[in-house]
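> Mind looking at a prediction? Sequence and model below.
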Amino acid sequence: MVDLIIKQQDIIERILTLELVRVTERAAVAAAGLRGRGDEKAADQAAVDAMRRELNRLPIDGTIVIGEGERDEAPMLFIGEKVGTSTGPSVDIAVDPLEGTTLCAKDMPGSIAVMAVAPKGCLLNAPDVYMDKIAIGPGYPPGTVDLDNTPEENIRALAKAKGVTPGEITVLVLDRPRHAGVIAACRSTGASLRMITDGDVAGVIFTAQADETGVDMYIGTGGAPEGVLAAGALRCVGGQMQGRLILDTPEKVERARTMGVTDPKKKYDMTELASGDVIVSATGVTDGPLLHGVKYRDGLILTETLIYRSSTGTVRRIQAEHRDMRKFRLD
């Protein structure tokens, strides 16, 4: 039995690390064809269709355990959908075929195609709802910040652990009306705020690169799929993260219960959101601080992808040139 598990893990490593790059590359290129067109749903649909097509070519027995689209009625790779050829290892998959649909539709920075894969049972299986999140980068004592603390308490605790004043802390927050209280609380400490319109997967990852990005902490409410994807990536590069599903109606509570969520108020740490050997692939759609977007040059399609793997702690940046443009777009 042990040998079987080891063999399956070897298969996952061999197949998925680079094959996932191809999946997010295809989704990114499909969405990039609709950059700046003002049609969020069309761009999302193009990315979903491309990602589904590529996933179904992989020799895996895959299940979408946390997906995109249920909350806002966008096209989706739906939760519970089976993907792959069913001939390989059993894996769980979390997807956001086009994170930052508005960014893509307006050709603004930071839109990406992203997904995570882990052995069966290792990714949180939950409905597509919102999630309260907090994240910081590596190098701090466990429990430095806590989702149940106020923003002021978390900022002061992080500043103390970092050896600086609260005024030297930068917090990243999604620019949403629902965050008015969080924004006011952060500013009351003297901390700086960086506001983003979309893209909280990248926003969480920024905390792990504070020296480069200037972002020390992520706070706020965003999508649960993005929370699972961000937790998987953060596990590879270090840091702390907590999340809590927002199950604010009886229907959401019941949906979550059918997926195995027995405590609707549970606070998940990073390893509960994404455990085991997690592989995360993210390809740029539009240029942004994390990745370059898709480019067309001299008969080529150029893509840039980050591939994270938690078991080895590796991050690979892959810049690819694709020469058969018609085949790349239509296969």
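Noted; the coordinates are in hand.

> Nearest to the spatial middle of this protein, which residue is it?
The structure's the chain has its C-alpha centroid closest to residue 229; by CA atoms, centre = their mean the separation is 3.1 Å.

> show me what contacts it?
94, 96, 99, 114, 115, 116, 201, 280 (CB atoms under 8 Å, 6 or more residues apart in numbering). (C-beta placed from N, C-alpha, C; glycine too.)

> Over to residue 244?
With contacts defined as CB under 8 Å, 6+ apart, the neighbours of residue 244 are 131, 132, 147, 265, 266, 267, 268.

> With residue 255 instead?
Residues counted as contacts of residue 255 (CB under 8 Å, 6+ apart) are residue 127.

> Next one: it relative to residue 244, how far apart?
For residue 255, the distance to residue 244 (CB to CB, to the nearest Å) stands at 16 Å.

> Dihedrals phi and psi, the residue nearest to the centre of the chain?
Backbone geometry at residue 229, expressed as degrees, to the nearest 10, gives phi -60, psi -40.

> Report how many residues lie close to residue 217.
A count of nearby residues for residue 217, using other CB atoms under 10 Å, gives 27.

> hey, where'd the strands end up in the stretch 1-150 of the chain?
When assigned using DSSP state E, counting those that start in this stretch, the strands of the stretch 1-150 of the chain occupy the ranges 61-66, 82-83, 90-99, 112-119, 130-136.

> The first one - which strands sit beside it in the sheet, and in what orientation?
The one in question is strand 61-66. Sheet pairing of strand 61-66 (DSSP bridges) gives strand 82-83 (antiparallel), strand 90-99 (parallel).

> deepest of these, which one?
Comparing the strands paired with strand 61-66 by mean neighbour count (mean count of other CB atoms under 10 Å), strand 90-99 comes out on top with a mean of 28.

> Present the strands paired with strand 61-66 as TSV; the columns should include mean pLDDT.
Compiled in TSV, the strands paired with strand 61-66 are given as follows (pLDDT from 0 to 100):
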stretch	mean pLDDT
strand 82-83	94
strand 90-99	93
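
> Please convert those to TSV, extending it with distance to residue 216.
Conversion of these to TSV gives the following (distance: least, CB to CB, whole Å):
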stretch	distance to residue 216
strand 82-83	37
strand 90-99	22
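
> Residue 24: which of these is closest?
Comparing the strands paired with strand 61-66 by their distance to residue 24 (CB to CB), the top pick is strand 90-99, with 8.5 Å.

> what angle do the closest one and strand 112-119 make?
170 degrees (axes from the mean of the first three to the mean of the last three CA atoms, to 10 degrees).

> Tell me which residues are up against stretch 301-319.
With contacts defined as CB under 8 Å, 6+ apart, stretch 301-319 is touched by 17-18, 20-21, 24-25, 28-29, 232-233, 235-238, 274, 276-284, 290-296, 320-322, 325, 328.

> what does stretch 21-29 give?
Residues lying outside stretch 21-29 but in contact with it, judged by CB under 8 Å, 6+ apart, are 47-48, 50-51, 53-55, 58, 97-98, 112-115, 281-285, 293-294, 301, 303, 305, 307, 318, 320, 322, 328-329, 331.
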